[in-house]
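Asks: quick one, what's the 3D model for this:
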Amino acid sequence: VGSLLSSYGWYILLAAVAIYLLVQKISQGLAARQSGQPGAADAAVEPDVVVRRQEALAAARLRMQEELNAQAERYKEKQRQLEEEKRKQKIAMWESMQEGKSYKGNMKLNQQEVESGASTSSAVPKSKPNKKPLRGGG
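Replies: Below is the predicted model:
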């Protein structure tokens, strides 16, 4: 035994310290888990708290679902309006083509009308400053 301790004594001491620390860490983890368990036991003791919590959760889910449905309905309506506008533009383009007019020019006019309506309602157009030409007159 003496020769074993003299050759491996430090290794045995370090292993014993490591095992001791490991046991302490595991016992602290188990104590923490057991202290967390009474919360679940309290909920089992008071079923009315559980029922109220579940009802509140169900009501919140219902409100969220109704809000989502309303958003989906608004999106669908917006898509229908966009489709209707595209359809009207296509009809106008087809009619202008039948009359022999350039549909590209008609599209530009329609876009300018839309832009001018949006620009007059949103902002005042800025005046351009007088600029000199890049090349001289001669």
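Asks: count the neighbours of Tyr8 for me.
Replies: Neighbour count for Tyr8, taken as other CB atoms under 10 Å: 11. Bear in mind the C-beta positions are built from the backbone N, C-alpha and C, glycine included.
Asks: now name the helix or strand holding it.
Replies: Assigned by DSSP states H and E, Tyr8 belongs to helix 2-45.
Asks: and the helix or strand that comes right after that helix, what's its mean pLDDT?
Replies: Downstream of helix 2-45, the first helix or strand assigned by DSSP H and E is helix 47-98. The average pLDDT for helix 47-98 rounds to 95.
Asks: still on that earlier bit, ok now the helix holding Tyr8, how far from the chain's centre?
Replies: A distance of 44 Å separates the centroid of the chain from that of helix 2-45, by CA atoms, centre = their mean, to the nearest Å.
Asks: ditto for stretch 49-58
Replies: 27 Å.
Asks: do stretch 51-68 as well
Replies: 21 Å.
Asks: residues making contact with it?
Replies: By CB atoms under 8 Å, 6 or more residues apart in numbering, no residue outside stretch 51-68 reaches it.
Asks: only the C-alpha atoms, please, for that stretch, written as PDB.
Replies: Below are the C-alpha coordinates for stretch 51-68, written out as PDB (Å, rounded to 0.1, in the frame of the first residue of the first chain):
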ATOM      1  CA  VAL A  51     -59.100  26.400 -15.400                       C
ATOM      2  CA  ARG A  52     -58.900  30.200 -15.400                       C
ATOM      3  CA  ARG A  53     -55.500  30.200 -17.000                       C
ATOM      4  CA  GLN A  54     -56.700  27.800 -19.800                       C
ATOM      5  CA  GLU A  55     -59.800  30.000 -20.400                       C
ATOM      6  CA  ALA A  56     -57.700  33.100 -20.600                       C
ATOM      7  CA  LEU A  57     -55.400  31.300 -23.000                       C
ATOM      8  CA  ALA A  58     -58.300  30.200 -25.200                       C
ATOM      9  CA  ALA A  59     -59.700  33.800 -25.200                       C
ATOM     10  CA  ALA A  60     -56.400  35.200 -26.200                       C
ATOM     11  CA  ARG A  61     -56.100  32.600 -29.000                       C
ATOM     12  CA  LEU A  62     -59.600  33.500 -30.200                       C
ATOM     13  CA  ARG A  63     -58.800  37.200 -30.300                       C
ATOM     14  CA  MET A  64     -55.600  36.600 -32.200                       C
ATOM     15  CA  GLN A  65     -57.400  34.400 -34.700                       C
ATOM     16  CA  GLU A  66     -60.200  37.000 -35.300                       C
ATOM     17  CA  GLU A  67     -57.500  39.700 -35.800                       C
ATOM     18  CA  LEU A  68     -55.700  37.400 -38.300                       C
END
